[in-house]
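> One predicted model, sequence on top.
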Amino acid sequence: MLPNANRLVVIATLTATLAVLVSSGHADGLPEPDDRPYLGPITIAVDATDLDHRIVRVHETLPAAPGTLVLLYPRWIPGWHGPGGNVAQLAGLRITAGGRTLPWTRDGSQPEAFRVDVPVGETAVEVEFQHVSPIGAAGGRVAFGREQLNLDWTQLVLYPAGHWLSALRGRAAITLPPGFEAATALRPASTQGNTTGYAEESLETLFDSPVFAGRHHRRVELDAPGAPRPAVLQLFADEAADLEAQPEMLEAHRELVRQADRLFGSRHYRHYDLMLLQSKVLGSIGLEHHESSENGVRPGYFKDWGKGIKARQLLAHEYTHSWNGKFRRPADLWTPNLNVPMHDSLLWVYEGQTEYWGRVLASRAGLVTAEEARDQLARSMAFRSAMPGRGWRSLQDTTNDPLLPLGERPWYDYQRGWDYYDEMALVWLDVDTLIRERSGDRRSLDDFARAFFGIEDGRVAPLTYRFEDIVAGLNALEPYDWATMLGARLDQVGDGQHLLDALARSGWRLEWDEKESELARNARQADEGGPPAHFYWSVGLDIGKEGKLDDVRWEGPAWRAGLAPGQQVLAVNGLEYKRERLEAAITAAKGNGPAVSLLVKDGERYRTVTIEDHGGLRYPKLVRIDAIPDRLSAIFAPRAP
């Protein structure tokens, strides 16, 4: 899963109760999960027709035996890497048996656990509740709108404690608003009016098969007709016009599937639904599942093709997770149910190598051009190699971020966070180019991907791994002290010279230009939704809408002048702020020119600050090293059949 602001809000709220968690297993008194079948399948009926209030109504029927029954609301959601389940969104819980209401109590140490006593003579309980979907961003990601919705079964099911999810069975049905069409990895078993019933599955599969639905839907086949394990693209949008795409755009998605086949040499799904919604109402998301993925972006995915690349890389990233994360899974991220805590020590493989392959596959498929990929790499390399936070916090420690309270991080470059995605992608470039160099360019990380993630073609059940397995897989490909090398990359604090060394080994080096590339400027506008006023590598600040300071570089020139995120720039050298005026002022200050003067609003206080920086405008770019093979272009090049 890729991080986004809405996700941070959810986890920041939920992790306030993290102190009650134990290191493994359950809180005292809750049944330990066992790999044994339950009394019978659970039926789940979901009514998602209340567009006015955005409330989802749930009715469950669970087989039950007399005695205490403990029902669990999922907390540790795969792909979130932390306690992302929000039981506060469950309301109106009512449990009955034989027509009688049964009192329930919540477990004091684990608020996701509900206890109820089943009377003698009863063989089933009925459970009713409402999922109160967030309406504003403060309540978490908005997933329910008038034109489309995103249903996650982990928010819609209470399940019995004491069992593995794979041993629990469920039969689910959804009633959608009139005119809505649905997409999910689940397969329909019946349809009556607006209600679709799905085939019985394990709860492990059900929870891993979210639903997208909406008024405006388009299905695009990504495989040749009759493919035994087909992949499809399921498109949703607030407006029908956003579903229109040029043929070459859709062909790039088909090529993504082909390039993944050539990389991994296998498919670990029965069928795959790559689901993409464009919406101004629903929050952004990127969440992996074994046989589908949830991808939510702002409108303009096809209309603004070429302006920003994050949305196009998102699909490649989440698709890669079917191999890395869902099939091959870190042992400490596999749990028997969704209320046993996960541990994130290997996220640098789970997410870091997936981020690497997502970028590579997006380029090989033509979703992203090689020039766009290099431009992104230049910006990433410039930022990550010089992060001041590298001086105190290791890359490995950032894998704990999903467990930390994640409110505002005003000094991200110093505080660090989620770097096991972006920085680790650069480390995997380091590994890839080292393998290529040592083997005389006969072997590469592609060979590792096929040997490690591509084994047991057709297997869907997870196959776990540990650090030692990664090292052994690399050594089988190219003998080297990989344990020491990876340990140093993960645990060291200090400078980022090793990232620049990896770049040089790829045949390119980082240099600087006084003019920002149009690719970078367009990407910032499309990917971040804000004005492209980027001066991070010169005076040390980024300016967003209405002159607001989005970022200030830790101990950079703007920092030394007393500026901080959240303040507002009103004027440059006595004239109303415009990006072009600040650019001109920075250029004029180069060498021995006059310092830049800014009028700044900080709350209700106005002040003038002087920024002493005479290096001029600086924007990163990549330049070829002719004496070294162009391994970077070889990495981004599509693979032939």
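Done, it's in.
> Might you list the low-confidence residue ranges for the stretch 251-400 of the chain?
Applying pLDDT under 70 to the stretch 251-400 of the chain picks out no residues at all.
> Strands of that one, residue ranges please.
All strands of the stretch 251-400 of the chain, identified by DSSP state E, counting those that start in this stretch, fall at 272-278, 285-288, 292-297, 328-330.
> Run through the neighbouring helices and strands of the third one.
What it means is strand 292-297. If you count contacts as 3 or more C-beta pairs under 8 Å, 6 or more residues apart in numbering; DSSP states H and E, strand 292-297 packs onto strand 272-278, strand 285-288, helix 310-320. Yep, even glycine has a C-beta here, placed from its N, CA and C like the rest.
> Same check on the last one?
Judged by 3+ C-beta pairs under 8 Å, 6+ apart, the packing partners of strand 328-330 are helix 347-350, strand 463-465.
> Could you export the strands of the stretch 251-400 of the chain as JSON lines, including mean neighbour count and distance to Pro638?
Written out in JSON lines, the entries for the strands of the stretch 251-400 of the chain read as follows (neighbours: other C-beta atoms under 10 Å; distance: least, C-beta to C-beta, whole Å):
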{"stretch": "strand 272-278", "mean neighbour count": "26", "distance to Pro638": "19"}
{"stretch": "strand 285-288", "mean neighbour count": "24", "distance to Pro638": "23"}
{"stretch": "strand 292-297", "mean neighbour count": "26", "distance to Pro638": "22"}
{"stretch": "strand 328-330", "mean neighbour count": "22", "distance to Pro638": "24"}
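> Let me have these in TSV, adding distance to Glu423 as columns.
Supplementary listing: the strands of the stretch 251-400 of the chain in TSV, determined by distance: least, C-beta to C-beta, whole Å:
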stretch	distance to Glu423
strand 272-278	27
strand 285-288	18
strand 292-297	23
strand 328-330	18
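> Of all those strands, which one is nearest Arg312?
Closest approach to Arg312 among the strands of the stretch 251-400 of the chain (C-beta to C-beta): strand 292-297, 9.3 Å.
> relative to strand 272-278, how tilted is the closest one?
20 degrees (axes from the mean of the first three to the mean of the last three C-alpha atoms, to 10 degrees).
> In PDB, list the C-alpha atoms belonging to strand 292-297.
Taking Å, rounded to 0.1, in the frame of the first residue of the first chain, the C-alpha atoms of strand 292-297 are listed here in PDB:
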ATOM      1  CA  SER A 292      -7.400  -7.300  -6.800                       C
ATOM      2  CA  SER A 293      -6.200  -3.900  -5.800                       C
ATOM      3  CA  GLU A 294      -7.900  -0.700  -4.700                       C
ATOM      4  CA  ASN A 295      -6.600   2.300  -6.600                       C
ATOM      5  CA  GLY A 296      -8.200   5.700  -5.900                       C
ATOM      6  CA  VAL A 297      -6.900   8.900  -7.600                       C
END
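> Could you list the residues in contact with it?
Contacts of strand 292-297 with the rest of the structure, by C-beta atoms under 8 Å, 6 or more residues apart in numbering, involve 150, 184-185, 209-210, 212, 272-279, 282-287, 311, 314-315, 318-319, 321-322.
> Point out the most buried one among the helices and strands packed on strand 328-330.
Greatest average neighbour count among the helices and strands packed on strand 328-330 goes to helix 347-350 (a mean of 26), per mean count of other C-beta atoms under 10 Å.
> Which strands or helices does that one pack on?
Contact partners of helix 347-350 among helices and strands, from 3+ C-beta pairs under 8 Å, 6+ apart: strand 328-330, helix 419-438.
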